[in-house]
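Asks: I would like to see how this sequence folds:
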Amino acid sequence: SDTLSIRAPQNVIASISDLSTNQGCVPVTINFINQSSNATNVIWNFGDGSSSSQFSTTHTYSTPGTYFISMIAENPSSCNFRDTVYDTIVVASPVIIQPFINLNACLNDTIQLQANVQNANSFQWTPSNGLNNDTIVNPLLVFTGDSSYVFTASNGYCSASDTLSISLIPTVQAIIAADADTGCVPFSVNFSNFSINQQFCLWNFGDGTSSAVNNPSHLFTSPGVYEVQLISINPTSCNIRDTSSVFIFVSDVPQLSPLRDTLVCSGSQLQINSISTGATTYNWTPTSGLNSSTIPNPLATINNSTIYNLTISNGVCSVRDSIKITALLPVVANFSPSAFSGCAPLTVQFSNSSSNAFTYNWNFGDNSTNSTLSNPIHTYNQAGNYQVILSSFNPNSCNSIDTASYWITVFDPVVIIPQSDLQLCSGDTIRLFA
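Replies: Model prediction:
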């Protein structure tokens with residue numbers, strides 16, 4: 001006996017693994033993994049005219065399109081000999097975005113964002129702030145400041161992104177400064193230009209003159225209120241020009257007639273007269289001896305020589321002058337004789353004690369020649385009463401001259417007549433005669 005075994009051959013079954021990527025953008029590479037059973041050889045047809053007999057393989061698609069692939073699994077010993085499996089590969093065109101050129105804009109400008117994109121049908125702008133529609137190619141934007149927007153385009157298979165930056169165009173801003181805004185004719189002012197984003201400027205000084213110097217100086221020669229304008233210009237800025245101004249107040253100078261120096265007697269009073277126009281305040285210094293230091297014509301009591309300064313002002317401008325008041329002392333004549341009386345001949349020394357005197361005249365009262373000596377000596381030869389008068393002089397004094405006098409009494413001299421000598425007896429009584 002014998003046993004005959006009959007084995008039925010298995011069918012060949014074609015199978016490929018699930019494609020991890022069966023769609024993509026040119027170029028796309030697909031990994032084809034063969035999971036057929038009972039196959040001895042395979043034939044891959046990639047749908048683009050190319051094929052492969054490798055059991056598992058990879059293939060790159062360089063042209064967009066839809067490709068129908070097949071894999072034939074064969075085994076001559078199988079019942080069905082071969083089996084075929086099919087799949088589809090979609091290769092899309094790449095999304096192309098032309099690079100953005102960044103923009104500059106002015107505040108609150110309405111801008112149309114423009115994207116140059118190919119092979120896309122879905123669009124997204126982020127962030128969406130300020131956009132009228134963030135899902136169209138060319139939305140409108142109300143610009144509020146420096147910002148960046150990311151534009152993303154897709155065709156369902158491929159996508160691309162680019163960033164558009166928009167910068168704020170600075171405005172020109174005029175900023176003016178003056179080193180002084182109030183002064184007296186002629187009034188010179190230095191102006192400073194601190195403008196921002198300026199290319200050039202124009203100054204109008206309010207008196208019919210102008211300047212294109214960046215930091216000018218200007219002389220105002222007439223009183224008035226002047227509006228000085230600075231126009232700052234930049235043709236590339238959003239506002240092109242801006243203006244700033246400052247007011248300059250120029251006052252007239254009060255007028256004061258020259259004060260005249262004067263001479264007065266010490267201890268006297270003097271009305272000091274000033275003549276002025278355009279003044280609102282008066283200030284005399286020093287204040288000693290004045291009945292008021294804030295009036296035009298004060299009354300001064302002069303005890304000593306003094307220089308008074310007067311400053312007049314109109315609240316902005318002032319003028320100053322001075323007056324010298326010289327206090328003159330009086331001449332005071334005085335003297336003392338060495339004797340007020342005596343017998344002739346009587347010689348008297350006169351001691352002069354006059355004050356503030358430069359020259360003298362002595363009248364001795366006896367019809368003799370006057371003397372101009374300061375301290376003369378005089379002899380009286382005759383008996384009598386003599387009035388001695390001293391006149392003291394100083395032309396620059398308050399009274400110019402003063403006199404003083406004394407009486408000198410001169411007596412006759414005593415004369416003794418000589419007598420003859422006498423001879424007497426002891427115990428005689430006689431009368432003596434002189």
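Asks: mind listing what residue 44 touches?
Replies: The neighbourhood of residue 44, defined by C-beta atoms under 8 Å, 6 or more residues apart in numbering, consists of 32, 51-54, 57, 59, 69-71. Any C-beta I mention is one placed from the backbone N, CA and C, and that applies to glycine too.
Asks: How much space separates it from residue 86?
Replies: As for residue 44, its distance to residue 86 is 12 Å (criterion: C-beta to C-beta, to the nearest Å).
Asks: same thing with residue 396?
Replies: 144 Å.
Asks: Which of the contacts of residue 44 fall in helices?
Replies: Using DSSP state H, no member of the contacts of residue 44 falls in helices.
Asks: Narrow these to those that are buried.
Replies: 32, 51-52, 57, 59, 69-71 (16 or more other C-beta atoms under 10 Å).
Asks: Out of these, which comes closest to residue 211?
Replies: Among those, residue 59 lies closest to residue 211 (C-beta to C-beta), at 79.6 Å.
Asks: How about stretch 31-49, which residues are buried there?
Replies: For stretch 31-49, the buried set under the neighbour-count rule, 16+ other C-beta under 10 Å, comprises 32, 34, 36, 38-39, 42, 44-48.
Asks: Save those residues as JSON lines, and put in distance to residue 133 and secondary structure too.
Replies: Supplementary listing: those in JSON lines, determined by distance: C-beta to C-beta, whole Å; DSSP: H, G, I helix; E, B strand; the rest coil:
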{"residue": "32", "distance to residue 133": "43", "secondary structure": "strand"}
{"residue": "34", "distance to residue 133": "49", "secondary structure": "strand"}
{"residue": "36", "distance to residue 133": "52", "secondary structure": "coil"}
{"residue": "38", "distance to residue 133": "59", "secondary structure": "coil"}
{"residue": "39", "distance to residue 133": "56", "secondary structure": "coil"}
{"residue": "42", "distance to residue 133": "52", "secondary structure": "strand"}
{"residue": "44", "distance to residue 133": "47", "secondary structure": "strand"}
{"residue": "45", "distance to residue 133": "46", "secondary structure": "strand"}
{"residue": "46", "distance to residue 133": "42", "secondary structure": "coil"}
{"residue": "47", "distance to residue 133": "40", "secondary structure": "coil"}
{"residue": "48", "distance to residue 133": "40", "secondary structure": "coil"}
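Asks: Greatest separation within these: which pair is it?
Replies: Comparing all pairs in the buried residues of stretch 31-49 by C-beta to C-beta, the longest separation belongs to 38 and 48, at 28.7 Å.
Asks: still on that earlier bit, show me which of the buried ones among the contacts of residue 44 is closest to residue 303.
Replies: When the buried ones among the contacts of residue 44 are compared for distance to residue 303 (C-beta to C-beta), residue 59 comes out closest, at 128.0 Å.
Asks: Spatially nearest residue to the closest one (excluding sequence neighbours)?
Replies: The shortest distance from residue 59 to any residue other than its chain neighbours is 4.9 Å, reached at residue 46 (C-beta to C-beta, 6 or more residues apart in numbering).
Asks: Distance of that neighbour relative to residue 107?
Replies: Counting by C-beta to C-beta, the gap from residue 46 to residue 107 is 58 Å.
Asks: Ok, residue 300 next?
Replies: Taking C-beta to C-beta, one finds residue 300 at 71 Å from residue 107.
Asks: Quick check: neighbours of the worst-scoring helix or strand of the chain on mean pLDDT in the sheet, parallel or antiparallel?
Replies: Of all the helices and strands that make up the chain, the one with the lowest confidence by mean pLDDT, DSSP states H and E is strand 23-25; it has a mean of 86. Strand 23-25 pairs in its sheet with strand 82-92 (parallel), by DSSP bridges.
Asks: Okay, buried residues for the least confident helix or strand of the chain please.
Replies: Neighbour-count burial for strand 23-25, counted by 16+ other C-beta under 10 Å, picks out 23-25.
Asks: is it true that residue 100 touches residue 166?
Replies: No: here residue 100 does not reach residue 166: they are 9.8 Å apart, not a contact under C-beta atoms under 8 Å.
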